[in-house]
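Undergrad: sequence first, then the predicted structure:
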Amino acid sequence: MKRLVLVGGGHAHVHVLDRLAESGGWSGAEVVMVAPPRHHYSGMLPGYLQGQYGEADLRFDLPALCRAAGVRFVDGLAIRIEVDSGQGGRVHLSDRTIPFHHCSMDVGSAPRTWGVPGVKDHALSLRPTSRVLELDRRLAGLALRGAVPKPGSAASEQGAAASISGPVVSEPRVAASKPGPMGSAPGAAVVVVGAGAAGFEVAVAVAVRSAAEVTLVEESPQLLPGYSARVRRKAHAVLDRWGVRFLPGTAALEVNDGQVRVGEGRSAGSDEGPATRSEEEAAVSTRDGARPSDVGLGAQSTNRGRGRSLPSDLTIWLAGAGPPPLLAQSDLPLTDEGFFAVDQSLRAVDGVPVWGAGDCIGLRGYPWMPRAGVYAVRQAPVLARNLEMALTEEGVGSFHSYEPQASFLSLLNTGKGRALLRWKRLVYEGRGAWWLKDWIDSRFMRRYHELESATLEEEDSQ
Ligand SMILES: Cc1cc2nc3c(=O)[nH]c(=O)nc-3n(C[C@H](O)[C@H](O)[C@H](O)COP(=O)(O)OP(=O)(O)OC[C@H]3O[C@@H](n4cnc5c(N)ncnc54)[C@H](O)[C@@H]3O)c2cc1C
């Protein structure tokens, strides 16, 4: 009997569980998953923050999925992957060790801090995605303190704008549909760092949900770096609609309790320019603001002076995806950036019996591949087939090969039943795009929820 250990229950491994449930297991193989019990679907995070979805809508119940798949679930975090010089190895947790013949990694990414002091202690990230529950609680806490009155509430009518010390690049624009800053009582300030797709969507979601003064800070001169000028123009209109203040060319230098110190970012300049092919290509290399070429350009790399302070009751850090610390502790081949280096079969480039998918991998030959859930989802069927082959028919035939798609349908939640769609050269913002996004995301989750319900019903009837 060969043992496969699935480390992490991310977007690719839930598909492996689905395949195992569908096929009734792989003969001669025992599968174990090591992960925290709840995982959340990234596509629905902004909708959850806005109240469009309940937590159960975007939640994967990993123990239930494992039971459906005949997989043993171990609640915990792997701290090291040890690989033997011969075959197999061991997954180390803080309280136990699990030997394996094959192992597969889908542990996502860590927030990229760029060495900025205070991020870990004073900012909230959404990596892993389950942190969205804490963000939701923090926003509710601000509302309870009266700092983030709900739009339309009596308190919100008296709320005031949080002031920003020092010059601002663009003045706050308050949407007509949202209570404006009135009176003298201080309102809450929420600062979102990183204006890639994730930062944009989260800034909009916070603004939709509350009357907080939301400031979106971006080191590069552009909103949605890597997207085309047409997409950015629509996105600017969305920020205007919700009264989100945007500070391009502004780098976060230090995060403290109650404030973010910012300074000059990379060449502050015009945010508008022609949509070029290279921009469209670059779009696939960024999800939340980080691009491969940026790696190594820490906050210290440009002369930003001493900066100025933005008040911040809550700082949300979405400035890119870095390698999870577990990788550096393990016997795995790594890319220059520190991600798990795999070949197109999604196996370690040095041939050890460890596989991987999603944000944690660096695919040999495709350094531009973005860290986005859609890529993890597309890798999943290849990973599942290859794991099955490795466990059941090793040495027979050749493994399937994964090739990343050059572009993908991008659908960004722009608030209250609208979304911004980009598909190749097509750009559209409105209700139709939201309908499509909701349909795709809900259909994706339905399969897993059906599997979970079937398992629970079966257990109830026994
Ligand atoms: C606000 C926001 C919105 C986004 N929207 C989209 C979108 O619309 N479309 C899109 O394509 N991408 C989106 N992304 C990006 C997307 O979240 C990631 O690319 C995606 O989650 C990566 O999937 P994954 O399977 O690699 O890892 P994850 O989804 O991060 O899952 C990894 C899992 O592994 C677990 N884990 C971590 N460490 C360990 C360990 N040591 N041991 C065991 N388990 C561990 C984690 O708890 C987690 O459950 C968004 C990101 C954010 C922040």
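TA: Arrived safely, thanks for sending.

Undergrad: excluding residues flanking it in the chain, which one is nearest the residue in the stretch 251-400 of the chain positioned nearest to the ligand?
TA: Going by Cβ to the nearest ligand atom, the ligand is nearest to G358 of the stretch 251-400 of the chain, at 2.1 Å. For the C-beta atoms, the positions are set from N, CA and C on the backbone; glycine is no exception. Nearest non-adjacent residue to G358, counting by Cβ to Cβ, 6 or more residues apart in numbering: A376, 3.6 Å away.

Undergrad: which SS class is that neighbour?
TA: helix (DSSP: H, G, I helix; E, B strand; the rest coil).

Undergrad: use 16 as the first number from now on
TA: In the new count, where the first residue is 16, that last one comes out as A391.

Undergrad: who's in contact with it?
TA: A391 makes contact with G25, H26, A27, D121, A372, G373, D374 under the criterion Cβ atoms under 8 Å, 6 or more residues apart in numbering.

Undergrad: report all helices and strands that the helix or strand hosting S457 contacts.
TA: With secondary structure defined by DSSP states H and E, S457 is part of helix 446-476. For helix 446-476, the elements it packs on are helix 26-38, helix 70-73, helix 77-84, strand 425-428, strand 434-438, judged by 3 or more Cβ pairs under 8 Å, 6 or more residues apart in numbering; DSSP states H and E.

Undergrad: all helices for this protein, in order.
TA: 26-38, 60-65, 70-73, 77-84, 134-137, 147-159, 169-173, 212-224, 244-257, 292-298, 340-343, 388-407, 446-476 (DSSP state H).

Undergrad: dump these to CSV, plus distance to V20.
TA: As requested, the helices of the chain are exported to CSV (distance: least, Cβ to Cβ, whole Å):
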stretch, distance to V20
helix 26-38, 11
helix 60-65, 28
helix 70-73, 26
helix 77-84, 12
helix 134-137, 29
helix 147-159, 26
helix 169-173, 50
helix 212-224, 30
helix 244-257, 41
helix 292-298, 35
helix 340-343, 13
helix 388-407, 11
helix 446-476, 21
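
Undergrad: got those helices as a markdown table, with distance to L424 and mean pLDDT columns?
TA: Compiled in a markdown table, the helices of the chain are given as follows (distance: least, Cβ to Cβ, whole Å; pLDDT from 0 to 100):
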| stretch | distance to L424 | mean pLDDT |
| --- | --- | --- |
| helix 26-38 | 16 | 96 |
| helix 60-65 | 16 | 96 |
| helix 70-73 | 19 | 96 |
| helix 77-84 | 26 | 96 |
| helix 134-137 | 31 | 95 |
| helix 147-159 | 22 | 88 |
| helix 169-173 | 36 | 35 |
| helix 212-224 | 12 | 96 |
| helix 244-257 | 13 | 97 |
| helix 292-298 | 12 | 35 |
| helix 340-343 | 30 | 96 |
| helix 388-407 | 8 | 95 |
| helix 446-476 | 8 | 91 |
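
Undergrad: quickly compare those and say which is most buried.
TA: Ranked by mean neighbour count, the helices of the chain are led by helix 212-224 with a mean of 27 (mean count of other Cβ atoms under 10 Å).

Undergrad: that one packs against which elements?
TA: helix 60-65, strand 204-208, strand 228-232, helix 244-257, strand 329-332, strand 425-428.

Undergrad: so which of those gets nearest the ligand?
TA: helix 60-65 (4.3 Å).

Undergrad: rewinding a little: so which of the helices and strands packed on helix 446-476 is nearest A356?
TA: helix 26-38 (16.6 Å; Cβ to Cβ).

Undergrad: quick check: residues of the protein near the ligand?
TA: Residues of the chain lying near the ligand by Cβ under 6 Å from any ligand atom: 22-27, 49-51, 54, 57-58, 60, 92-93, 121-123, 141, 143-145, 213, 216-217, 302-303, 333, 339, 341, 373-375, 386-389, 391.

Undergrad: selecting buried members of the contacts of A391 in PyMOL, what would you type?
TA: In PyMOL syntax, the buried subset of the contacts of A391 is picked out as below (16 or more other Cβ atoms under 10 Å):
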select buried, resi 25+26+27+121+372+373+374
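
Undergrad: okay if I get the contacts of A391 as JSON lines plus distance to P132?
TA: Compiled in JSON lines, the contacts of A391 are given as follows (distance: Cβ to Cβ, whole Å):
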{"residue": "G25", "distance to P132": "29"}
{"residue": "H26", "distance to P132": "32"}
{"residue": "A27", "distance to P132": "34"}
{"residue": "D121", "distance to P132": "31"}
{"residue": "A372", "distance to P132": "33"}
{"residue": "G373", "distance to P132": "29"}
{"residue": "D374", "distance to P132": "25"}
